[in-house]
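Visitor: The sequence and its predicted three-dimensional model are supplied below.
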Amino acid sequence: MKKYQILFVGESWFFTTTETKGTDQFSIGGYQTEIGRIREYMSEFAELTHIPAHRISEDFPDTCKGLEKYDVVMISDVGANTFLLHPDTFFRSQPTVNKLDLIAKYVRTGGAFGMAGGYMTFMGIEGKAQYKNTAIEKILPVTMKEQDDRRECPQGFAPKVVDRTHPAVKGLDGQWPLLLGYNEVQAKPEGQVLLAHGDAPILVTGSYGEGKTFAWTSDCAPHWMPDEFCSHDLNKRMWKQLFGWCSGRDV
């Protein structure tokens, strides 16, 4: 099988830690990403081109042609401002490409797009992800809240399959492992809820123009998606079938 070509954007961060030892204090910094863990559980069926959050201004395509070589474009845990505030606009007041509008155009003309949940997607922590009322909310099969939309579930929950006939989850029977949280959204009337936690949508699919979209409202790596979920066969099969459905390659 030819692997799906996925443009995976985000899921990276810098950190600063201040340590105090008696009367002495110092700071250390570093960089982390979960893309290795995601690549590992998708390795049999997907080849990921990763653009870390801090490289979006430079590396994210600024034309539809640049996006069209991918089967699916996916954003995870990086906010709207990173796409909208190119340094030429923010520091030099120059017009630049609206990359969220570009994604919408790509989907409208037949592309596939998905968003995964986290502290900086949908609306995220303190509402700082800021995707509400953007082109991304317009093309996704869900609407977003006005504020912080995180729902922490430290006790864990196992998502339930709602629509077993959909190609993305067909045949995914058995007990799912636990997730530890999600972003609270509402499915649009035309959206198809495939996985849920009670009334909360976890996986919703839809279409926009000639293209297809999906919203996975939990994480695609820790902390909301524990190792057990990452490596579970149901998780691997779900992503394989989801990519197949939204790309139109395997239905």
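Guide: Looks like it came in fine.

Visitor: buried ones in stretch 135-155?
Guide: By 16 or more other CB atoms under 10 Å, the buried positions in stretch 135-155 come out as A135, I136, E137, I139, L140, P141, V142, M144, D148, D149, R150, R151. Every residue, glycine included, has its C-beta placed from N, CA and C.

Visitor: For the residue nearest to the first one when sequence neighbours are not counted, which residues are in contact?
Guide: Nearest residue to A135 in three dimensions, chain neighbours excluded: A104, at 3.9 Å (CB to CB, 6 or more residues apart in numbering). A104 makes contact with A135, I136, K138, I139, Y208 under the criterion CB atoms under 8 Å, 6 or more residues apart in numbering.

Visitor: In helices, which of these appear?
Guide: Among the contacts of A104, the residues falling in helices (DSSP state H) are A135, I136, K138, I139.

Visitor: and which of those residues is nearest M120?
Guide: Of all the ones in helices among the contacts of A104, I136 has the smallest distance to M120: 12.8 Å, by CB to CB.

Visitor: isn't the closest one right up against M115?
Guide: Yes: the pair I136 and M115 passes the contact test of CB atoms under 8 Å, sitting 6.8 Å apart.

Visitor: Could I get the full set of helices for the stretch 51-200 of the chain?
Guide: Assigned by DSSP state H, counting those that start in this stretch, the stretch 51-200 of the chain shows helices spanning 56-59, 64-67, 80-84, 87-90, 99-108, 135-139.

Visitor: Tabulate these (JSON lines), appending distance to G181 and mean pLDDT.
Guide: Converted to JSON lines, the helices of the stretch 51-200 of the chain look like this (distance: least, CB to CB, whole Å; pLDDT from 0 to 100):
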{"stretch": "helix 56-59", "distance to G181": "24", "mean pLDDT": "98"}
{"stretch": "helix 64-67", "distance to G181": "30", "mean pLDDT": "97"}
{"stretch": "helix 80-84", "distance to G181": "21", "mean pLDDT": "98"}
{"stretch": "helix 87-90", "distance to G181": "31", "mean pLDDT": "96"}
{"stretch": "helix 99-108", "distance to G181": "25", "mean pLDDT": "98"}
{"stretch": "helix 135-139", "distance to G181": "21", "mean pLDDT": "98"}
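
Visitor: looking at these, which is closest to P222?
Guide: Closest approach to P222 among these is made by helix 80-84 (21.4 Å; CB to CB).

Visitor: so what does the closest one touch, helix or strand wise?
Guide: Helices and strands touching helix 80-84, as assessed by 3 or more CB pairs under 8 Å, 6 or more residues apart in numbering; DSSP states H and E, comprise helix 56-59, helix 99-108.
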